[in-house]
Structures are given as structure tokens and as C-alpha cells.
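1. sequence and predicted structure below; questions after.
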Amino acid sequence: MNYKVLISDKFDAEGVSRLKNTPGFEVIYKGGHSKEELIKDLPEADCLIVRSATKVKGDVFNYAKKLKLIVRAGVGVDNIDINEASRRGIIVMNAPGGSSITTAEHAIAMMFALARNIPQANASMKQGKWEKSKFTGVEITNKTLGVIGLGRIGREVVKRAKGLKMRVLGYDPYITAEHLSHLEIEIVDLDTIFKESDFITVHTPLTEATKNLINKENITKLKKGVRLINCARGGIYEEEALVEGLKSGHIAGVALDVFTEEPIPSDFPLIPFENCIMTPHLGASTSRSRICCCYGNNR
Ligand code: 9EZ
């Protein structure tokens with residue numbers, strides 16, 4: 001008897017064909033399902049594989065007649081109601097090992113892009129210009145990087161930043177300083193990160209505690225001329241606060257890979273700011289999610 005595996009988001013062809021070529025699996029893949037298509041194909045599925053586009057919440061569960069397993073190929077499971085899945089005896093797994101390095105590298109790339117105005121200079125040259133003095137940058141060596149969130153991704157960022165000869169400050173309320181001593185960075189409180197960092201990068205999930213972590217109220221606590229990076233989750237930096245910070249010049253630059261609304265609306269308020277650089281959620285890996293981790297395995 002074959003297991004029916006429904007892949008409802010867009011995936012790299014290699015991963016899909018590997019599953020298709022695995023005996024015992026019957027794979028349904030359409031390059032991304034609409035909700036209507038999902039509801040139609042879900043009743044016969046034993047396993048559902050998603051990235052972040054498919055929302056496995058609410059009434060969708062009513063169509064999960066045979067579902068035993070939901071796999072999130074990636075890290076964040078905020079598109080899956082894991083409590084409801086557990087209640088129905090459906091196992092939820094993610095792949096936290098697969099995209100850490102990819103995401104850490106993207107944060108580092110964003111830091112360099114911010115420091116040297118690479119996206120803006122590139123855009124300028126493609127308009128036939130040669131604006132040397134407009135795009136004078138800053139050096140990264142000996143600058144202070146604040147890393148908020150020291151899980152798998154944050155730690156990969158730390159290692160790389162140390163290799164770049166930065167001073168690295170770290171903050172994570174969920175990990176004891178003792179557990180972080182091997183990183184050989186300064187573990188400090190948030191206010192110290194805010195006050196002393198030339199660059200700040202966040203590597204936390206979006207929670208009640210991290211939502212609007214930097215907001216209109218505390219933005220002036222940041223060092224003047226700070227550059228902010230978010231390759232984690234939209235909304236950790238309050239987007240309206242970033243607008244204010246860029247307008248006033250208190251913030252020198254912002255690099256965002258994630259947004260409160262994805263795709264961003266056409267009137268997204270940060271679009272007009274030349275020193276806000278953006279990528280469309282490119283941080284996570286596409287085809288190389290490896291180690292799976294299990295939620296609510298109640299069978
Ligand atoms: C919370 C956090 C960071 C944080 C760090 C991690 C789950 N989580 N939350 C509040 N790993 C800054 C402020």
C-alpha cells in the first residue's frame with residue numbers, strides 16, 4: 001500500500017523527484033496549491049509537506065481525513081496550528097538544521113550590503129550613473145554587532161562575525177550565559193545591545209516578547225547611526241518605527257528579508273527609503289532541509 005504524500009507549496013524539483021522516486025510513496029505536487037486545491041486533495045493524503053505559504057489551520061483540519069504527518073520543510077511553524085494537529089493525533093515535524101547556515105549567511109550578506117550600499121550602487125550603475133561619493137560606506141572590522149537570539153541561526157551569525165573581526169554582543173533570555181560561554185562573546189542585556197551596537201541582527205521567532213522589540217518608544221535607545229538587520233520574522237522591528245528612525249536619521253540603514261505582510265503591499269511605507277534594502281524572504285533554504293524535529297508526537 002502506498003502512502004499519499006501531498007506537497008502543497010512550491011518546491012525545488014530535485015526534492016520532489018527524490019520523493020517521487022521513493023518506493024511506497026505516491027506524490028501529489030502541483031507547484032503550489034490554492035486553498036481550494038488543498039481542500040480537494042487533502043482528504044486522501046497521509047502526509048502533508050509544506051513550506052510557509054500553506055496555512056494548516058482552522059477548517060483545513062476538517063479535510064484531513066487520513067493525515068498522520070505534517071512536515072514543515074524549514075524552521076518556523078507559525079503557519080501550522082500545532083495544538084490542533086496534536087489534538088487530532090497528527091505529528092508535526094520541522095527541519096531546524098536545514099536552513100540555519102543559509103539564513104545566517106543571508107544576515108551577513110545583508111550586513112555587508114548595508115555597510116557598503118551595494119544594492120543602491122548597483123541600481124545607480126544600471127541607470128548609467130557613476131556616483132562614487134554618494135555611496136561611501138563604513139568598515140565592518142572592529143564594529144560592534146548585537147545579536148539578539150542565540151539559537152542555531154544566531155550562533156552561526158556569531159561565528160562568522162567573529163571571523164570578520166567584529167566585537168560581538170549577544171542576548172537571549174532563554175539560554176544561560178554558561179551555555180553560551182563557548183561562543184566567547186559578551187553576553188549582555190538588551191539595553192547594552194541597543195546602546196553599543198553599530199549593527200543589530202535578530203534571530204528569534206515572532207512571539208509576544210519579540211513583537212515590536214524595537215518600537216517607537218525605545219528606538220532612541222539605539223546608538224545613532226545604527227544599521228538594523230531582520231532575516232528572522234516580520235514585525236520584530238515595528239515597521240512604523242523604522243520609518244521614523246530612517247526619517248530622523250537616527251537609523252543609518254535597515255535590511256529586511258521578512259515583513260509583517262508577505263508579499264508586501266504596494267504602499268509598504270519603507271519602499272521610498274533608499275537606505276532600506278529588502279529581499280523577498282530569501283533567507284531560508286529551498287532544497288536542502290535536512291534534520292527533522294518533531295512536535296507533539298502523541299502516538
Ligand atoms: C525574547 C527573545 C529575545 C527571545 C530569544 C529567543 C524564543 N526567544 N525569544 C525577548 N530565543 C529578545 C527579547
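-> That came through, no problem. Just so it is clear, the model here is predicted, and its values are computed rather than measured.

2. contacts, neighbours, all on C-alpha from now
-> OK.

3. ok, now how distant is S52 from V77?
-> The gap separating S52 from V77 is 8 Å, by C-alpha to C-alpha, to the nearest Å.

4. can you tell me which residues in the stretch 101-250 of the chain are near the ligand?
-> 148-149, 151, 172-174, 204-205, 209-210 (C-alpha under 6 Å from any ligand atom).

5. relative to I264, which of those residues is nearest.
-> P205 (19.4 Å; C-alpha to C-alpha).

6. helix, strand or coil for R227?
-> Under DSSP: H, G, I helix; E, B strand; the rest coil, the three-state class of R227 is strand.

7. quick one on the thing from earlier: S52 and V77: which has the busier surroundings?
-> Using other C-alpha atoms under 10 Å, the more surrounded residue of S52 and V77 is V77, with 22 against 18.

8. all helices for the chain, in order.
-> Under the criterion DSSP state H, the chain contains helices at 13-20, 35-41, 82-87, 100-116, 118-126, 152-163, 177-180, 190-196, 239-248.

9. what's the most buried one of those?
-> Stretch with highest mean neighbour count among those: helix 100-116 (a mean of 21; mean count of other C-alpha atoms under 10 Å).

10. for that helix, packing partners?
-> Counting by 3 or more C-alpha pairs under 8 Å, 6 or more residues apart in numbering; DSSP states H and E, the packing neighbours recorded for helix 100-116 are helix 152-163, strand 226-230, strand 251-256.

11. and these as TSV, adding mean pLDDT?
-> Converted to TSV, these look like this (pLDDT from 0 to 100):
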stretch	mean pLDDT
helix 152-163	97
strand 226-230	99
strand 251-256	98
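
12. circling back: ok, of the residues of the stretch 101-250 of the chain next to the ligand, which come out buried?
-> Taking 16 or more other C-alpha atoms under 10 Å as the criterion, what is buried in those is 148-149, 151, 172, 204-205, 210.

13. and of these, the nearest to K224?
-> Using C-alpha to C-alpha, I148 is the member of these that lies nearest K224, at 18.4 Å.

14. got a list of what that closest one touches?
-> For I148, the contact set (C-alpha atoms under 8 Å, 6 or more residues apart in numbering) comprises 154, 170-172, 200-204.

15. narrow the residues you listed to those in strands?
-> With DSSP state E as the criterion, strands contain 170-171, 200-202 from among these.

16. which of the residues you listed lies closest to the ligand?
-> Y171 (6.8 Å; C-alpha to the nearest ligand atom).

17. quick one, phi/psi of whichever residue of the stretch 1-150 of the chain sits closest to the ligand?
-> Going by C-alpha to the nearest ligand atom, the ligand is nearest to G149 of the stretch 1-150 of the chain, at 4.3 Å. Backbone torsions of G149, given as degrees, to the nearest 10, read phi 100, psi 110.

18. so it sits right up against T176, yeah?
-> No - look at G149 against T176 with C-alpha atoms under 8 Å: they stay out of range, at 12.0 Å.
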